[in-house]
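A.B. asks: the sequence isn't on hand, but the structure is:
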């Protein structure tokens with residue numbers, strides 16, 4: 001079974017002076033603006049790395065809940081904060097250099113050692129972690145308008 005999710009983005013202008021907007025097919029985010037300033041200068045608004053962090057945090061929370069449940073533990077709550085670190089490169093450009101997950105869970109009857117082992121197993125099973133780690137096929141179709 002394959003599940004497909006879609007989003008689109010439009011960018012107008014050059015990198016520094018231009019601006020963009022993206023829309024998720026679900027309609028959850030529609031015509032959401034982003035720009036050089038929201039991405040690299042901490043101006044109010046979102047950016048691709050924040051969206052990656054949101055995807056990572058939400059996917060890992062679900063993976064942890066699933067892994068806990070699969071091991072016979074019922075999580076009361078799982079909260080995950082994800083950080084996507086972007087750094088300027090000496091050769092020019094930027095690169096995502098680190099992804100950090102900080103998870104907290106309320107689970108009855110679970111020792112810290114058990115939780116640490118389950119948390120690591122959940123990260124290894126998280127589809128977004130695995131995609132960001134590498135090994136995913138990226139298919140590109142490009143055309144001039």
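C.D. replies: Received it, and whenever you're ready, just let me know what you need. Here the structure is a predicted model, which means the values were calculated and not measured. Numbers count the residues shown, from 1 in each chain.

A.B. asks: name the nearest residue to residue 105, ignoring sequence neighbours.
C.D. replies: For residue 105, ignoring the flanking residues on the chain, the nearest one in space by CB to CB, 6 or more residues apart in numbering is residue 78 at 4.6 Å. For glycine as for every other residue, the C-beta is placed from the backbone atoms N, C-alpha and C.

A.B. asks: contact partners for the one you found?
C.D. replies: The contact partners of residue 78, taken as CB atoms under 8 Å, 6 or more residues apart in numbering, are 61, 64, 65, 68, 103, 104, 105.

A.B. asks: now intersect those with the helices, please.
C.D. replies: 61, 64, 65, 68 (DSSP state H).

A.B. asks: tabulate the residues you listed (CSV), appending pLDDT and neighbour count.
C.D. replies: Shown next, in CSV, are those (pLDDT from 0 to 100; neighbours: other CB atoms under 10 Å):
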residue, pLDDT, neighbour count
61, 97, 21
64, 97, 26
65, 97, 18
68, 97, 22
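
A.B. asks: for those, work out which two are farthest apart.
C.D. replies: 61 and 68 (10.8 Å; CB to CB).

A.B. asks: tell me the SS of the closest residue to residue 102 other than its chain neighbours?
C.D. replies: Among residues not flanking residue 102 along the chain, residue 81 sits closest, at 4.5 Å (CB to CB, 6+ apart). Of the three states, residue 81 takes strand under DSSP: H, G, I helix; E, B strand; the rest coil.

A.B. asks: before we move on, what about residue 53?
C.D. replies: Under three-state DSSP, residue 53 comes out as helix.

A.B. asks: and it, how many residues sit next to it?
C.D. replies: A count of nearby residues for residue 53, using other CB atoms under 10 Å, gives 20.

A.B. asks: wait, what's in contact with it?
C.D. replies: 82, 83, 84, 99.

A.B. asks: many thanks, have a good one.
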